[in-house]
Every structure is written in structure tokens, then in C-alpha cells.
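Student: Have a look at this fold, sequence not included:
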């Protein structure tokens, strides 16, 4: 293994991100979904064949196509900007000026270092400056950015940045508590550990506001 390969391997084993942006090439969407599925199907067939699997067996012969469709249509669907949730907001006519918290949003993502699941909960909050967003839209934003190869720190930041853009305010916060199967099922194989990340913007950088948010989500972690 070359020195460069060793560095890349070490970064991946330690789950270190190298970019705050999802590393997508400029030509990422030149191919249609169907074209991508056809190519990925061949790649999965090659992997399974190399591993020694019998691809004529009824149980596994459909696996390459299932995996390819899952990659393109489901677990990595958030790479496609055409699937980004709409950003409509509404006037805060009832003048609600306190914190709004949507907690325990289910997170299903995929670690970009080993392509194994990240499973947990996201807690998102904002303070309106005149606009409000539908509650389900917050879930959809989390789901969109989760459906791509990810690192948890980047996912947390992307959720906050999108909420800030949509609402036109810096007063947004997100905390994610998740298990990484690349830690739980391989490597150190620690099934009890989870990872907590946070991003606080605007008023949430103030200790009292941040503490109120953490109390709402019943998280004892100090930030």
C-alpha cells in the first residue's frame, strides 16, 4: 500500500471528513437514473462474482439489480438536486416568537467511508423572524441530506444551512445522535456507542438559548 493510500485509509478508519460540501463531480448527473442502475448492476455482479458467490442461484441472481436500484432511487437519492424539497414558507401571522423544536426526526444515512448505515435521530429548532416552515418540511430536509454518502458532521451543518436559507434567519440549530454501523458492526465493534454532533446558529450560540434547546430534547451533552 502506498503512503497516499495509507493516509486515505487512516482518514476513513477514523471517520474524518475532508470537505463541508458533499464531494460530487460536475458531471454527476450526465447519466440518467436508468443508465446509472445498469452500470452499478454490472459492478455489483463483479463484486459478488469476485467474492465467489453463485449468481445463478435464485436467491441472489436479482441482488445486483436490487442493489443498483436501491443506490440510485433510495439511499443515495439525496445526491440529485431535483429531489430537493421545496422551500415554501408562510408568514408568521400568529406572531409566535419563541423557539420551535422538531425532535426525534429519524435519520437513515450512509457512512461515506465504508458505505454502512448511520441510524439515529435529529433534533432541529429555529426561532422565526417573520417566516415559518411546515413541520413535515423539516423532516424532508433532514431526509434529503441524509440520503447520500455522508459524514455526520457535514450532515448536521447542511441541515442547518438549508433551514437558514429557507427561513432567512441565522437562528437555527440541529443536534444529531446516531449509531454508525462501521463502528458498531466492524472495526472496534462497539455496539453501545453513538455519535453526537451539533450546529448552532444565531441566537442558539447564546448559552441560555442553547441550554433551552438541549433541555427540550432532553440531551445532557454539554456544548
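Tutor: Cool, got the structure. Small disclaimer: the values here were computed from a predicted structure and weren't measured.
Student: could you point out where this structure is predicted with low confidence?
Tutor: 1-18, 220-223 (pLDDT under 70).
Student: can you give me the helices in it?
Tutor: In the chain, helices defined by DSSP state H lie at 3-13, 33-50, 63-69, 135-146, 152-167, 181-184, 207-216, listed in chain order.
Student: Any chance of JSON lines for those, columns mean neighbour count and distance to residue 87?
Tutor: (Each C-beta comes from the backbone N, C-alpha and C, glycine too.) Formatted as JSON lines, the helices of the chain follow (neighbours: other CB atoms under 10 Å; distance: least, CB to CB, whole Å):
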{"stretch": "helix 3-13", "mean neighbour count": "11", "distance to residue 87": "34"}
{"stretch": "helix 33-50", "mean neighbour count": "14", "distance to residue 87": "23"}
{"stretch": "helix 63-69", "mean neighbour count": "17", "distance to residue 87": "28"}
{"stretch": "helix 135-146", "mean neighbour count": "20", "distance to residue 87": "8"}
{"stretch": "helix 152-167", "mean neighbour count": "21", "distance to residue 87": "5"}
{"stretch": "helix 181-184", "mean neighbour count": "19", "distance to residue 87": "32"}
{"stretch": "helix 207-216", "mean neighbour count": "15", "distance to residue 87": "23"}
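Student: Now do the buried residues in stretch 126-133.
Tutor: 126-128, 132-133 (16 or more other CB atoms under 10 Å).
Student: what comes into contact with the longest strand along the chain?
Tutor: Assignment by DSSP state E gives strand 99-111 as the longest strand of the chain. The list of residues contacting strand 99-111 from outside it, by CB atoms under 8 Å, 6 or more residues apart in numbering, reads 15, 75-76, 116-128, 132, 135, 138-139, 142-143, 146-152, 155, 176, 178, 180-182, 209, 212-213, 216-217.
Student: contacting residues for residue 77?
Tutor: Counting by CB under 8 Å, 6+ apart, residue 77 has contacts 83, 147.
Student: for the residue nearest to residue 199 when sequence neighbours are not counted, what are its contacts?
Tutor: Spatial nearest neighbour of residue 199, excluding adjacent residues (CB to CB, 6 or more residues apart in numbering): residue 160 at 4.3 Å. By CB under 8 Å, 6+ apart, the contact set of residue 160 is 172-174, 199, 201.
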